[in-house]
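Chemist: Predicted model, plus sequence, below.
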2 protein chains.
Amino acid sequence: MIAILGGVTNIEPIHRGGRGARDRILRAAAELFARDGIHATGIARLTDVAHVSTRTLYQHFPSKDAIVAAYLRRFITETPVPAVAQLARDDLDPRARLLALFLEPAPPPDGVVRGCPFHNAAVETAGTMPEVAELVEQHKRTFTHRLAEVAAEAGARDPETLARQLALLFEGARALSTSLNDTRPVQDAHELAKTLIDQAITPSQRPG
Amino acid sequence: MIAILGGVTNIEPIHRGGRGARDRILRAAAELFARDGIHATGIARLTDVAHVSTRTLYQHFPSKDAIVAAYLRRFITETPVPAVAQLARDDLDPRARLLALFLEPAPPPDGVVRGCPFHNAAVETAGTMPEVAELVEQHKRTFTHRLAEVAAEAGARDPETLARQLALLFEGARALSTSLNDTRPVQDAHELAKTLIDQAITPSQRPG
DNA sequence: CTCCAAGTATAGCGATCATTTTACTTTCGA
DNA sequence: TCGAAAGTAAAATGATCGCTATACTTGGAG
């Protein structure tokens, strides 16, 4: 049972009293884990950026692994990855929502392009954190499922197949952008997605 | 100037005398970095698997970073990533070579699917190792270039575009396989690649 | 006002990191 | 055969890791 008080984002069990240390920790984690990586971000750095003492941090989380898990969970329950949030926009028709996934992301301030936080976490942890691996898998599965729903809404002949294709394209765009340190692949993915979507909606026209 | 003696793989400057410590180190690196990740692999573990003393390791490489760079360089100069090696097979026609990229990889012994070593290195180092970032970018660029060559050979109307699409698909297949810990996306990529290649070769048939 | 949870700062824990050092042994071509 | 290079084992470097412990300060509800 989740109480929603005022307009404040408050999903996790309410930690009574106190002034938002937990929140600052998670916002610091969102910034540092995504930008510098999980291994490269130590607890000390986390407490510095969050303006939180070590003790407070460990009163909110039992371990760093738990912070990593909470960091990912937040992208699911509270602040979705921006691209994924596009799927929920009610000012766009379904086709436009699918394409909005591939809008060019803002260039990173430090010049280093970073990919999907979930995928990055999977790469960094390499199966050593079962909870993280589980969260990543779950997220990618529900993401593909959401894609299929929107694809169906858009009138795709085979929504599941289109969804898997777009998921593939999305992951490829992010990953290749990271490898090349350039967001050009997102544009390529956008164009390819457009033709795939249109082919999947328009009745088949190929010979045979 | 590089001397090629006998049939032995010997590209780096010849370290006279001695019995292959350098080689064992790099083979251990290939196994451990790829499977467990770069950060998770310590020098101690590297020396254990390579059956090499710490001192010997540091007589061959100035630092761990240098080992990481050499590990990646080896995939370029000596033992290409298996999928990339498919592009060079002379028993297949160009179209089949492009498709061979997406043959299902052998399932990992430990049950943890790992993606492209170059991409993984980019994610793990997050721009903190300039030489590594440079090697990853270079590799992805030349990979796409090779794709374009084979695409041209296969008679693609626009080889560069097809190459970028296939590169996107390849990266996506590997990355999503890592995230989902399942190689299913490689099959999806295979199917999509087939239609993309055929559409790119067959004269356009779409309305307009 | 007063109490207490939530917060602060900081020192220190053992473990592990990459790297260096000391001292000794093997291999092999000249 | 003999000397130098390449190898070995193992201890110690200082730094940093995640995490704990000690001692003190705040802020807001009853």
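Modeler: The structure has been received and is ready for your questions. Owing to the predicted nature of the structure, the values given are computational and were not obtained by experimental measurement. Numbering: from 1, shown residues only, chains lettered A, B, ... in the order given.

Chemist: And chain B, is stretch A:136-151 touching that?
Modeler: Yes: with CB under 8 Å from any CB of the partner chain as the criterion, chain B is reached by stretch A:136-151 at A:136-137, A:140-141. Every C-beta, even on glycine, is put in place using the N, C-alpha and C of the backbone.

Chemist: who touches that stretch?
Modeler: Applying CB atoms under 8 Å, 6 or more residues apart in numbering or on different chains, the external contacts of stretch A:136-151 come out as A:72, A:75-76, A:84, A:87, A:94, A:97-98, A:118-119, A:121-122, A:159-160, A:162-164, A:166-167, A:171, A:197, A:200, B:176, B:179-181.

Chemist: From residue A:83, how far out is residue A:110?
Modeler: Noted for residue A:110: a distance of 20 Å to residue A:83, by CB to CB, to the nearest Å.

Chemist: neighbour count winner among those two?
Modeler: When neighbours are counted by other CB atoms under 10 Å in any protein chain shown, residue A:110 and residue A:83 differ, and residue A:83 comes out ahead with 18 against 11.

Chemist: May I ask which helix or strand of chain A has the lowest mean pLDDT?
Modeler: helix A:82-85 (a mean of 90; mean pLDDT, DSSP states H and E).

Chemist: in that helix, what's buried?
Modeler: A:83-84 (16 or more other CB atoms under 10 Å in any protein chain shown).

Chemist: tell me how far it is from the chain's mean position?
Modeler: Relative to its parent chain, helix A:82-85 has a centroid offset of 7 Å by CA atoms, centre = their mean, to the nearest Å.

Chemist: and what of stretch A:68-86?
Modeler: Distance, centroid of stretch A:68-86 to centroid of chain: 5 Å (CA atoms, centre = their mean).

Chemist: ditto for stretch A:118-129
Modeler: Here stretch A:118-129 is found 14 Å from its chain centre; the criterion is CA atoms, centre = their mean.

Chemist: That stretch near chain B at all?
Modeler: Yes: counting by CB under 8 Å from any CB, contacts between stretch A:118-129 and chain B involve A:118-120, A:122-124, A:126-128.

Chemist: Which parts of chain A are strands?
Modeler: Here chain A has no strands by DSSP state E.

Chemist: Give me the most central residue, it.
Modeler: residue A:81 (3.6 Å; CA atoms, centre = their mean).

Chemist: OK, contacts around that residue?
Modeler: A:75, A:116-118.

Chemist: and which of those residues is nearest to residue B:188?
Modeler: Each of the contacts of residue A:81 was scored against residue B:188 by CB to CB, and residue A:116 proved nearest at 17.6 Å.

Chemist: Excluding chain neighbours, what is closest to the closest one?
Modeler: Spatial nearest neighbour of residue A:116, excluding adjacent residues (CB to CB, 6 or more residues apart in numbering or on different chains): residue A:174 at 4.7 Å.

Chemist: now, the most widely separated pair of the contacts of residue A:81?
Modeler: A:75 and A:116 (9.4 Å).

Chemist: And those two? Which one has more around it.
Modeler: Higher neighbour count among residue A:75 and residue A:116: residue A:116, with 29 against 19, using other CB under 10 Å.

Chemist: ok, now which ones touch the more buried one?
Modeler: So residue A:116 contacts A:81, A:171, A:174-175, B:179 (CB under 8 Å, 6+ apart).

Chemist: Get me the contact residues on chain A for DNA strand D.
Modeler: A:17, A:19, A:41-45, A:53-55, A:58, A:62-65 (CB under 7 Å from any atom of the strand).

Chemist: Any stretches of chain A with poor pLDDT?
Modeler: Low-confidence segments of chain A, defined by pLDDT under 70: A:1-18, A:204-208.

Chemist: show me where chain A has helices.
Modeler: Applying DSSP state H to chain A gives helices spanning A:21-36, A:43-50, A:54-60, A:64-77, A:82-85, A:94-100, A:117-125, A:130-153, A:159-180, A:184-201.

Chemist: how far away is the closest residue to residue A:189 other than its chain neighbours from residue A:103?
Modeler: Distance criterion CB to CB, 6+ apart; nearest residue to residue A:189, sequence neighbours excluded, is residue A:173 at 3.7 Å. Per CB to CB, residue A:173 is found 11 Å from residue A:103.

Chemist: more neighbours, these two?
Modeler: residue A:173 (30 against 13).

Chemist: ok, that one touching residue B:168?
Modeler: Yes: if you go by CB atoms under 8 Å, residue A:173 and residue B:168 touch, sitting 6.5 Å apart.

Chemist: Show me whatever sits in contact with both of the two.
Modeler: Common neighbours of residue A:173 and residue B:168 (CB under 8 Å, 6+ apart) are A:185, A:188-189.

Chemist: most neighbours, which of the residues of chain A next to DNA strand D?
Modeler: The member of the residues of chain A next to DNA strand D surrounded by the most neighbours (other CB under 10 Å) is residue A:41, with 22 neighbours in all.

Chemist: who's in contact with that one?
Modeler: Taking CB under 8 Å, 6+ apart as the test, what residue A:41 contacts is A:29, A:32-33.

Chemist: ok, so what distance separates residue A:104 from residue A:113?
Modeler: With CB to CB as the criterion, residue A:104 and residue A:113 are 11 Å apart.

Chemist: do residue A:169 as well
Modeler: 17 Å.

Chemist: what's the answer for residue A:168, then?
Modeler: With CB to CB as the criterion, residue A:168 and residue A:113 are 19 Å apart.

Chemist: which of these two has more neighbours?
Modeler: It is residue A:168, of residue A:168 and residue A:113, that has more neighbours when counted by other CB under 10 Å, with 24 against 21.

Chemist: hang on, that one packs against residue B:191?
Modeler: No: if you go by CB under 8 Å, residue A:168 and residue B:191 don't touch, sitting 10.1 Å apart.

Chemist: still on that earlier bit, so is the least confident helix or strand of chain A next to chain B?
Modeler: No: in terms of CB under 8 Å from any CB, no part of helix A:82-85 sits within range of chain B; the closest distance is 13.4 Å.

Chemist: Neighbours of residue A:194, how many?
Modeler: Neighbour tally, residue A:194, other CB under 10 Å: 14.

Chemist: Contacts only, for it.
Modeler: Neighbours of residue A:194 in contact, by CB under 8 Å, 6+ apart: residue A:99.

Chemist: can you list the domain ranges for chain A.
Modeler: Annotated domains of chain A cover A:20-78, A:80-203 [automatic domain parsing].

Chemist: can you tell me which of these comes nearest to DNA strand C?
Modeler: domain A:20-78 (3.2 Å; CB to the nearest atom of the strand).
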